[in-house]
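Colleague: dropping a prediction and its sequence here:
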Amino acid sequence: MTTAAPGAATGGPPTSPRPALEVTGLDVYYGRGRGRRQALSGVSLSVAPGETVGLIGETGSGKSTLARTVLGLVRAGAGSVRVGGEDVTRHGSRRWRALRRRGVVQYVFQDPLRSLDPDLTIEDSLIEPLLIQGTGRAEATARARALLDRVRISEALLERLPGELSGGQRQRIAVARALITGPELIILDEPVSALDSANRVQVLEILKELRAGGVALLLISHDLGSVAGTADRIAVLYRGELVETGPARQVVGDPQHPYTRLLVGSAPTLRGASADRAEREALRALLHA
Ligand SMILES: Nc1ncnc2c1ncn2[C@@H]1O[C@H](COP(=O)(O)OP(=O)(O)OP(=O)(O)O)[C@@H](O)[C@H]1O
């Protein structure tokens, strides 16, 4: 079993060049026999330490399937998944439990109430992953408090329940909870789509700052406009296949695939790049041909 990259657990700079996530030639199927449907086909994607990759695609394109396969919740039909250098493709539930307990990979949901137990105070929610690892309560509490600045949360909120916070505060706590084990990789599934624009900007700013700590982020969204300014690279998923991957600026400024061109043209926040209506219709016709 490969150990975590030096520095990753402490939030210090990464010293290892190997990817935090490396997906190679991934095929995923749902169902059996005649009902078998392919959800992902030949997907290859890597995320380096300290890098943010935006995974963009419309509903049903396979974004959650990719996330769930990386997290060991869905089996790969072919290809491989390496998390923190460890090949997890054929891990059974026992090895996944051990990996989850080590906190190498964390997941943040669109709805922060799903990441937080409604009956636990914010402090107890934050320290829970550390207590599970066997860290003492005093040290876990100190580590939780040390994280609060990074997610712009005041200590005064620690005694509250999740239901007593705003949606934006809850999502920042969910990010802090994901960070507390010093993960190499955090997968965030539509982390800002349920937030108003002020909270959206704040959460995206916090995610940008995490890069400096060396954590790798896979930022899943249906909305290219909301992640284009945060991601270093963009990967575009269309009908289960990655049709375009590149530096965010290049994908937004010079999209190659018709679907990416449609996404860029339809994003109101990517003004300047916005295609006119006739062009969008022509691209849609091309995609459905
Ligand atoms: N448990 C399942 N059983 C069968 N088919 C599934 C299952 N989960 C997803 N699918 C199918 O796999 C394809 C990809 O779904 P997936 O949920 O990964 O898409 P998505 O891009 O995350 O969509 P959304 O943005 O709506 O969450 C879809 O056709 C979906 O219907």
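Modeller: Here it is on my side, so go on. If you're wondering where the values come from, they're calculated on a predicted model, not measured in any experiment.
Colleague: how long is stretch 210-218 end to end?
Modeller: 12 Å (C-alpha to C-alpha, to the nearest Å).
Colleague: ok, which stretches of this protein are helices?
Modeller: Secondary structure of the chain by DSSP state H: the helices cover 63-70, 93-102, 112-115, 122-133, 137-147, 167-179, 197-210, 224-227, 248-253, 258-266, 277-287.
Colleague: give me the number of residues near Leu210?
Modeller: Neighbour count of Leu210, defined by other C-beta atoms under 10 Å: 20. Glycine gets a C-beta too; all of them are placed from N, C-alpha and C.
Colleague: from Arg277, how far off is it?
Modeller: As judged by C-beta to C-beta, to the nearest Å, Leu210 and Arg277 stand 38 Å apart.
Colleague: repeat for Ala98
Modeller: Applying C-beta to C-beta to Ala98 and Arg277 gives a distance of 53 Å.
Colleague: which of the two has more residues huddled nearby?
Modeller: Set Ala98 next to Arg277 and count neighbours by other C-beta under 10 Å: Ala98 wins out with 12 against 8.
Colleague: okay, the more buried one and Gly72: tell me how far apart.
Modeller: Distance, Ala98 to Gly72, by C-beta to C-beta: 11 Å.
Colleague: same question, Gln250
Modeller: Distance of Gln250 to Gly72, computed by C-beta to C-beta: 32 Å.
Colleague: who's more crowded, those two?
Modeller: Using other C-beta under 10 Å, the more surrounded residue of Gln250 and Gly72 is Gly72, with 21 against 14.
Colleague: can you pull the contacts of that one?
Modeller: Contacts for Gly72 (C-beta atoms under 8 Å, 6 or more residues apart in numbering) come out as Val88, His91, Trp96, Leu99.
Colleague: what's it sitting at in phi/psi?
Modeller: In terms of degrees, to the nearest 10, the main-chain angles of Gly72 are phi 80, psi 20.
Colleague: so for it, what's the pLDDT?
Modeller: Per-residue pLDDT puts Gly72 at 92.
Colleague: ditto for Pro6
Modeller: 44.
Colleague: surely Arg75 touches Thr69?
Modeller: Yes - between Arg75 and Thr69 there is a contact at 7.5 Å, judged by C-beta atoms under 8 Å.
Colleague: common neighbours of those two, please.
Modeller: Both Arg75 and Thr69 are in contact with Val28, where contact means C-beta under 8 Å, 6+ apart.
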